[in-house]
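Enquirer: My questions are about this predicted structure, shown below with the sequence.
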Amino acid sequence: MKRRYKVLGVILSLLVVALASLALVLSHESPCATAPALPPGAAAMQAMVYRCYGSPDVVRLEQVAKPTLADDAMLIRVHAASVNPLDWHFMRGKPYIMRPMVGIGAPKDIRIVGRVRD
């Protein structure tokens, strides 16, 4: 067998192992974490949060610390809201290709955040 076929075979094998490992890591789902205690003296607010990927059952109404706002941001009180397909994909964590952006195993940002376009 020629040396180039052996080298190509090794490279192809490494590529298959790397892709299989990546698929396994991206499909991993961590168990739902419990809500941490609020820091003493922190202002609290209620928010819909999800601490793990899954069906709509993972969304909970919890007391969370009020976020600190940047100069170009504002905090608004919401009386009613709806979800769109993008929120659904964030909550489910599927397709798996989006997990490197939003968190592998569990979401980085636990709040279901309204997104405003310019």
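Expert: It's in.

Enquirer: C-terminal to the helix or strand harbouring residue 49, what's the next element?
Expert: Using DSSP states H and E, residue 49 maps to strand 44-50. Downstream of strand 44-50, the first helix or strand assigned by DSSP H and E is strand 59-65.

Enquirer: shaky segments in the chain?
Expert: Where the chain drops to pLDDT under 70, the residues are 1, 113-118.

Enquirer: that older thread, by contact count, what packs against the strand holding residue 49?
Expert: strand 59-65 (3 or more C-beta pairs under 8 Å, 6 or more residues apart in numbering; DSSP states H and E). (Glycine included, C-beta is placed from N, CA and C.)

Enquirer: Once you drop chain neighbours, what's closest to the residue nearest to the spatial centre of the chain?
Expert: Against the mean C-alpha coordinate of the chain, by C-alpha atoms, centre = their mean, the closest residue is residue 107 at 2.7 Å. Using C-beta to C-beta, 6 or more residues apart in numbering and skipping the chain neighbours, the partner closest in space to residue 107 is residue 50 (6.4 Å).

Enquirer: That neighbour reaches residue 57, doesn't it?
Expert: No: the criterion here is C-beta atoms under 8 Å, and residue 50 misses it with residue 57 at 9.7 Å.

Enquirer: Go through the chain and flag its longest helix.
Expert: Scanning the chain for the longest helix, with DSSP state H as the assignment, gives helix 3-26.

Enquirer: how about that helix as PDB, C-alpha atoms only?
Expert: Extracted in PDB, the C-alpha atoms of helix 3-26 (Å, rounded to 0.1, in the frame of the first residue of the first chain):
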ATOM      1  CA  ARG A   3       2.400   5.800   1.900                       C
ATOM      2  CA  ARG A   4      -0.100   8.500   0.800                       C
ATOM      3  CA  TYR A   5      -3.100   6.100   1.200                       C
ATOM      4  CA  LYS A   6      -1.900   5.300   4.700                       C
ATOM      5  CA  VAL A   7      -1.500   9.000   5.600                       C
ATOM      6  CA  LEU A   8      -4.900   9.800   4.100                       C
ATOM      7  CA  GLY A   9      -6.500   6.800   6.000                       C
ATOM      8  CA  VAL A  10      -5.000   8.100   9.300                       C
ATOM      9  CA  ILE A  11      -6.200  11.700   8.600                       C
ATOM     10  CA  LEU A  12      -9.700  10.400   7.700                       C
ATOM     11  CA  SER A  13      -9.800   8.300  10.900                       C
ATOM     12  CA  LEU A  14      -8.800  11.200  13.000                       C
ATOM     13  CA  LEU A  15     -11.400  13.400  11.300                       C
ATOM     14  CA  VAL A  16     -14.200  10.800  12.000                       C
ATOM     15  CA  VAL A  17     -13.200  10.500  15.600                       C
ATOM     16  CA  ALA A  18     -13.100  14.300  16.000                       C
ATOM     17  CA  LEU A  19     -16.600  14.700  14.400                       C
ATOM     18  CA  ALA A  20     -18.000  11.900  16.500                       C
ATOM     19  CA  SER A  21     -16.600  13.600  19.700                       C
ATOM     20  CA  LEU A  22     -18.000  16.900  18.700                       C
ATOM     21  CA  ALA A  23     -21.400  15.400  18.100                       C
ATOM     22  CA  LEU A  24     -21.300  13.800  21.500                       C
ATOM     23  CA  VAL A  25     -20.300  17.000  23.300                       C
ATOM     24  CA  LEU A  26     -22.900  19.100  21.500                       C
END
